[in-house]
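Novice: model this:
(one chain, ligands or ions: 1)
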Amino acid sequence: MTTAPLLELQDVGITTGDRRNRRTLVRGVDLTVAAGETVGLVGESGSGKSMLVKAAMRLLPRHATATGRIDFEGRSVLGFSHRELTAHRSRDVALIHQDPRAHTNPMRTIGDFLVEGVVAGRLLGPREARRRACELMAGIGITDPEHRLAQYPHQLSGGLLQRMMIVAALLHSPKLVFADEPTTALDVTVQSEVMAILQEQIRERNLGLLFISHDLDLAAAVTDSLAVMYAGTVVERGATAEVHSRPLHPYTAGLLACRPSATAVTRLQPIPGRPVSAYEAGSGCAFAARCRFATEECRKDRPQLRTVEDRLVACHRVEHIGAELPQAVHS
Ligand SMILES: Nc1ncnc2c1ncn2[C@@H]1O[C@H](COP(=O)(O)OP(=O)(O)OP(=O)(O)O)[C@@H](O)[C@H]1O
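Specialist: Sure thing, here's the model as predicted:
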């Protein structure tokens, strides 16, 4: 069930560098996430997923600039004062990173890590924060929470540490969680445990989730809708069930055809060529050089997202190639 958007991105662009050496990293992205809605942002490395999340939290590196509209509950995040931004980050949103070890201080205990943020944000006192952290830990099956608070990051397995990141993300009761490849650094078995916990917590609290992944199958398993990014733009957007089972953009179809099947022995069909960044893409479709359906029009004119059947697709050729797309949707 969805309600009014928590996060609304309209025509968001990200550039880096100075006036003489400006590079476009992300171009013209529209996206919304409502309370209780889970949205997947999927694409190969370098497609701009992380930069978009950083822009939404106003965490871009100093030399990068975001343009367009980024609203949280109807208020412009790009227009927030320093004080509003601090309040927004400590109350409204949370970010779960790919590599928890890189985001914890090895010299500080888990308790310090969990409690410092909420105490600094004056949301809870230290005692209350520890009590709530223990409650959350117990709620996601972490045994002996008091003892865990006294441990250091290196004493925890990767999976347990990532569960602590989920606890940290939920501790200040945010409305929206950004999860940037939260399980990429974990073993497959641990991955599914962590995903199940994250999904359950998000659902129980009716939070919004923007889930970033290069893994279309994983994103499809946990989201209501999907936005597929290529070279800094969204090339296909729609309900997860439809996009995953019947991709319309050749890039989405290519992503699905190049992943191994758990059940069938099929030859993998890698997407030829290499991914490009937004600034390397010329005036035409950024995917044209890797697309076997591309024509002169594709190489010349950049396709805009437009409604095709039940979703949005940025492809000139979509009406002509439907039946020819590799529909390798094995599960
Ligand atoms: N700090 C930075 N300064 C300048 N350019 C950057 C910076 N970080 C990333 N980029 C560039 O921005 C583009 C988008 O990168 P981004 O990290 O958002 O991609 P991604 O889809 O999240 O990939 P990954 O899954 O590898 O993180 C890439 O061309 C990348 O080289």
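Novice: Just read off the phi/psi values of residue 297.
Specialist: Phi and psi for residue 297, reported as degrees, to the nearest 10, are phi -60, psi -40.
Novice: which residues sit in contact with the residue lying closest to it once chain neighbours are set aside?
Specialist: The shortest distance from residue 297 to any non-neighbouring residue, by Cβ to Cβ, 6 or more residues apart in numbering, is to residue 316 (5.2 Å). Every residue, glycine included, has its C-beta placed from N, CA and C. Residue 316 sits next to 285, 295, 297-298, 301, 303 when contact means Cβ atoms under 8 Å, 6 or more residues apart in numbering.
Novice: Quick check: phi and psi at the closest residue in space to residue 322 that isn't next to it in sequence.
Specialist: Leaving aside its chain neighbours, residue 322 sits nearest to residue 248 (7.0 Å; criterion: Cβ to Cβ, 6+ apart). The phi and psi values for residue 248, taken as degrees, to the nearest 10, are phi -110, psi -30.
Novice: burial measure for residue 248, as a count.
Specialist: The tally of other residues near residue 248 (other Cβ atoms under 10 Å) stands at 23.
Novice: so it touches residue 325, yeah?
Specialist: Yes - using Cβ atoms under 8 Å, residue 248 is in contact with residue 325, at 7.5 Å.
Novice: of the contacts of residue 316, buried ones?
Specialist: Taking 16 or more other Cβ atoms under 10 Å as the criterion, what is buried in the contacts of residue 316 is 285, 298, 303.
Novice: what's the closest of these to residue 39?
Specialist: residue 303 (22.1 Å; Cβ to Cβ).
Novice: so what's residue 132 up against?
Specialist: 124, 171.
Novice: just curious, which of the buried ones among the contacts of residue 316 is nearest to the ligand?
Specialist: residue 285 (17.5 Å; Cβ to the nearest ligand atom).
Novice: count of neighbours near the residue in the stretch 51-200 of the chain that the ligand sits nearest to?
Specialist: Distances between the stretch 51-200 of the chain and the ligand by Cβ to the nearest ligand atom are smallest at residue 51, namely 3.4 Å. Residue 51 is flanked by 22 other residues according to other Cβ under 10 Å.
Novice: how far is the helix or strand harbouring it from where the chain is centred?
Specialist: For residue 51, the element it lies in under DSSP states H and E is helix 49-56. When distances are taken as Cα atoms, centre = their mean, to the nearest Å, helix 49-56 is centred 8 Å away from the chain's centroid.
Novice: and the helix or strand following that helix, what does it pack onto?
Specialist: For helix 49-56, the succeeding helix or strand toward the C-terminus, using DSSP H and E, is strand 64-72. When contacts are defined as 3 or more Cβ pairs under 8 Å, 6 or more residues apart in numbering; DSSP states H and E, strand 64-72 sits against strand 5-16, strand 23-34, helix 49-56.
Novice: residues in contact with strand 64-72?
Specialist: Here strand 64-72 makes contact (Cβ under 8 Å, 6+ apart) with 5-16, 25, 28-29, 51, 54-56, 58, 60, 76-78, 88, 92-93, 176.
Novice: likewise stretch 82-100?
Specialist: Against stretch 82-100 from outside (Cβ under 8 Å, 6+ apart): 6, 53, 56-58, 72-73, 75, 77, 80, 103, 117-118, 120-121, 123, 153, 158, 161-162, 164-166, 168-170, 172-182, 184-185, 198.
Novice: Can you select the buried ones from the residues you listed in ChimeraX?
Specialist: Buried members of the contacts of stretch 82-100, defined by 16+ other Cβ under 10 Å, are picked up in ChimeraX with:
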select :6,53,56,57,72,77,80,117,118,123,153,158,161,162,164,165,166,168,169,170,172,174,175,176,177,178,179,180,181,182,185,198
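Novice: re the thing from before, widest-spaced pair of the contacts of residue 316?
Specialist: Pairwise over these, using Cβ to Cβ, the maximum falls at 295 and 303, 11.4 Å.
Novice: Of the contacts of strand 64-72, keep whichever come out buried.
Specialist: 5-9, 12-16, 25, 28-29, 51, 54-56, 60, 77-78, 88, 92-93, 176.
Novice: What count of nearby residues applies to the residue of the stretch 101-250 of the chain found nearest the ligand?
Specialist: Residue nearest to the ligand within the stretch 101-250 of the chain: residue 214 (5.5 Å; Cβ to the nearest ligand atom). Applying other Cβ under 10 Å, we find 17 other residues in the vicinity of residue 214.
Novice: give me every residue that touches the closest residue to it other than its chain neighbours.
Specialist: Among residues not flanking residue 214 along the chain, residue 44 sits closest, at 5.8 Å (Cβ to Cβ, 6+ apart). Applying Cβ under 8 Å, 6+ apart to residue 44 gives the contacts 214, 230, 255, 275.
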